[in-house]
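Next input, structure requested:
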Amino acid sequence: MSWSAQQYTLFERERTRPVHDLVAAIPNGAVQRAVDLGCGPGNSTEVLLQRFPLAHISGTDNAEDMLEAARRRLPAVTFERSDIATWNPASRYDVILANTSLQWLPDHATLYPHLVSKLTEGGTLAVQTPDNLEEPAHRLARDVAAHGPWQAKIGAVQHPQRHDARFYFTLLRPLCRQVDLWRTTYFHVLQGGPSAIVAWFKSTALRPFLGPLSEDEQNAFLRAYTEAIAQAYPAEADGTVLLPFPRLFLVATR
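Coordinates of the predicted model:
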């Protein structure tokens with residue numbers, strides 16, 4: 001199942017709020033070059049550009065649909081197709097931003113030090129990753145996958161392992177002069193009841209479950225998942241529903 005910029009941006013305001021908090025925590029200083037890894041449709045890149053308007057800013061993503069949306073949004077910014085797992089630029093950056101992208105990759109014990117090595121002296125790695133694998137939305141996706149007629153196809157689907165703040169602090173402390181970490185739970189107010197929550201995750205966390213299924217199987221899976229979501233996230237009388245969403249933030253300065 002390919003990435004869809006249109007689906008992702010259905011909740012752009014809610015998805016962009018955390019990156020505002022992340023970019024605001026980057027230390028003040030002279031920033032000449034900055035890159036947004038996993039830039040998506042360019043909403044996070046725009047926040048980075050607003051913070052550092054005089055810097056040369058670029059963005060990378062491995063989905064062409066996302067890159068096309070980013071280029072339309074910010075025509076003056078250079079966007080390139082690239083896989084973060086193999087990203088190895090010849091020059092260094094003053095800021096490397098990775099907003100909701102690194103959670104898709106394994107082996108953070110190798111990845112994060114590699115990214116720090118691509119910083120200038122005094123440069124900053126700023127990362128935000130969802131910390132919600134044990135939230136109902138994720139647990140229910142795994143449960144529906146494991147107990148439906150599609151079990152053989154997706155019953156064993158797992159997202160890459162995620163780690164707690166101490167893991168990243170211990171990993172990066174020897175490499176950085178400062179490592180700042182915090183965890184925030186956002187309560188996103190969505191309109192449309194449980195279907196809104198399903199639409200939110202359809203563009204992100206549900207992709208590994210939906211990808212191997214036929215269209216009919218996808219529809220059946222989504223119906224079962226929506227029923228389960230309705231029980232876990234009861235809507236208000238007007239259809240408003242709260243989506244608690246924990247996120248882990250890291251700002252590491254080399």
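
next helix or strand past the helix or strand of the chain with the lowest mean pLDDT?
None of the helices or strands of the chain scores lower by mean pLDDT, DSSP states H and E than helix 5-8, at a mean of 49. Toward the C-terminal end, the helix or strand that comes next after helix 5-8 (DSSP states H and E) is helix 12-24.

average pLDDT for that next one?
Mean pLDDT, helix 12-24: 91.

now swap in stretch 129-147 and tell me
The average pLDDT within stretch 129-147 is 96.

how far is that stretch from where the chain is centred?
From the chain centre to the centre of stretch 129-147 is a distance of 16 Å (C-alpha atoms, centre = their mean, to the nearest Å).

before we move on, what about stretch 71-86?
16 Å.

ok, and what's touching it?
Applying C-beta atoms under 8 Å, 6 or more residues apart in numbering, the contact partners of stretch 71-86 are 37-39, 41-43, 45-46, 49, 57-62, 64, 67, 70, 98, 101-102, 105, 111. (Each C-beta comes from the backbone N, C-alpha and C, glycine too.)

can I get the CA coordinates of stretch 188-201 in PDB?
In PDB, the C-alpha atoms belonging to stretch 188-201 read as follows (Å, rounded to 0.1, in the frame of the first residue of the first chain):
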ATOM      1  CA  HIS A 188      -6.300  15.200  19.300                       C
ATOM      2  CA  VAL A 189     -10.000  16.300  18.900                       C
ATOM      3  CA  LEU A 190     -11.400  14.700  15.800                       C
ATOM      4  CA  GLN A 191     -14.800  15.000  14.200                       C
ATOM      5  CA  GLY A 192     -16.600  12.000  12.800                       C
ATOM      6  CA  GLY A 193     -16.500   9.500  15.600                       C
ATOM      7  CA  PRO A 194     -14.500   6.200  15.300                       C
ATOM      8  CA  SER A 195     -14.300   6.600  11.500                       C
ATOM      9  CA  ALA A 196     -12.100   9.600  12.000                       C
ATOM     10  CA  ILE A 197      -9.600   7.600  14.100                       C
ATOM     11  CA  VAL A 198      -9.600   4.900  11.400                       C
ATOM     12  CA  ALA A 199      -8.900   7.500   8.800                       C
ATOM     13  CA  TRP A 200      -6.100   8.900  10.900                       C
ATOM     14  CA  PHE A 201      -4.300   5.500  11.100                       C
END
